[in-house]
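Chemist: 3D, please:
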Amino acid sequence: MTMEDDTDEALEAFRAEARTWLSENAPGDPRPTTHGPEVREYDAAWQRRQFDGGWAGVSWDKEYGGLGLSPLRQVVWYEEVVRSGAPTESVFNVAMGHAGPTLIRCGSAEQRAFHLPRILRGETPWCQGFSEPGAGSDLAGIRTSAVVDGDDLVINGAKIWTSQAQWADYGELLVRTDPHAPRHGGLSWVIMDMHLPGVDIRPILNMDGYPHNCAVFYDDVRVPLTSVVGGVGNGWGVAMETLAAERGPAFLDLRLTRLRSIDLLVRRADHVLPDGHPLRGRMATIRAEAEVLRSMAWYQSSQSGDGPPSAETTAIRTWFVQLQFASSELAVDLLGSAALEMTETTRQWLEDFSAMIAGGTKDIQKNIIGERVLGLPR
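Modeler: You can find the predicted model right below:
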């Protein structure tokens, strides 16, 4: 993709094409809010419709089944998806957002050939098995073990806060294959078939009453060594590729959805708040910060190259999660006493309490920014 391909005129032509397709194909019915298999069925149908229409994997290389277009066009596509009202929350977010990109960068030819088409077609949701009861933000402290036994790994341990594991066919599992190696060594990144004997998935109800996450237990689960990505003992480097994608472009569509909700919130607040009301100052701050995030998204995409996303992506994620909670808190305050009912606004606020913890606490992320971006001492 050359710079000439991303002129303003070319991007607007692409935007018009995407807008037309979405106006004709975006789901007309809302995504289910239940806990059953209909959630996966809905998401699979929407992902498959994008694939059949030629819109799955906009920025994935053509050799992996994508469109091979620039990151800027990926942003345009996400903006139009959000504008159309099509759902961005999906049980395929992990598969599309960082399992697929991790396999593209680190997987074997066989792993890519098997998994990538199934992800794009909406056949195999993935989940992420990184955090453990004693190791979350401190990822190097994981204890789930994997012992080489012939051509297999035998896995024992537990993971927690595994988002949407109850619908997943595969998982990104980080395990310790060498207990004597340094903390960041001796780890392996494994493609886990979530239907194997010995895998026990237990959904956890969040404060909003929805099972966003699960606890997953592994009891003598046998996984073939061919499921290891990047080689046994090289899991830390592969996991950093995964986290770089997760903190960077992976969930850009969800971030843009939140920006749209902030726009709608500001309009509503402008109508109901009298001049001089204390909430107007917070509203103005959130609106300005939303514009900063929108600019960050475009900047990040314009800087994307052939290498992995830089640590600067952590700054964007950290900014977003703080904005995410501040906006839902403002929405609840605008509701006043009506927020005591379990409205959609209240449910979103309760869900967003986890935003500054999931994927590494905001404090850990700020340390990363200080050390890797600003060059400050540990």
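
Chemist: the strands in this structure, which residues?
Modeler: Using DSSP state E, the strands of the chain run over 126-129, 145-149, 152-163, 170-176, 187-193, 199-204, 213-224, 228-229.

Chemist: Looking at those strands, spot the one closest to residue 257.
Modeler: Evaluated with Cβ to Cβ, the strands of the chain place strand 152-163 nearest to residue 257, the distance being 16.5 Å. For the C-beta atoms, the positions are set from N, CA and C on the backbone; glycine is no exception.

Chemist: Adjacent strands (with direction) for the closest one?
Modeler: Paired strands of strand 152-163, with direction, are strand 145-149 (antiparallel), strand 213-224 (antiparallel) (DSSP bridges).

Chemist: For the first one, which residues meet the burial criterion?
Modeler: I take that to be strand 145-149. Of the residues in strand 145-149, those with enough neighbours to count as buried (16 or more other Cβ atoms under 10 Å) are 145-146.

Chemist: how about residue 11, what does it touch?
Modeler: Residue 11 sits next to 72-73, 76 when contact means Cβ atoms under 8 Å, 6 or more residues apart in numbering.

Chemist: Can you find the helix or strand in this structure with the smallest mean pLDDT?
Modeler: For the chain, scoring each helix and strand by mean pLDDT, DSSP states H and E identifies helix 362-368 as the least confident one, at a mean of 76.

Chemist: Please identify the deepest-packed of the strands paired with strand 152-163.
Modeler: Each of the strands paired with strand 152-163 was assessed for mean neighbour count using mean count of other Cβ atoms under 10 Å. The highest is strand 213-224, with a mean of 18.

Chemist: how big is the angle separating that one from strand 170-176?
Modeler: 80 degrees (axes from the mean of the first three to the mean of the last three Cα atoms, to 10 degrees).

Chemist: What's the per-residue pLDDT of the nearest residue to residue 18 once chain neighbours are set aside here?
Modeler: With sequence-adjacent residues excluded and distances taken as Cβ to Cβ, 6 or more residues apart in numbering, residue 18 is closest to residue 80, at 4.4 Å. Per-residue confidence (pLDDT) for residue 80: 93.

Chemist: and residue 80, how many neighbours does it have?
Modeler: Counted with other Cβ atoms under 10 Å, the burial measure for residue 80 works out to 23 neighbours.

Chemist: doesn't residue 16 make contact with it?
Modeler: No - using Cβ atoms under 8 Å, residue 80 is not in contact with residue 16, being 9.2 Å away.
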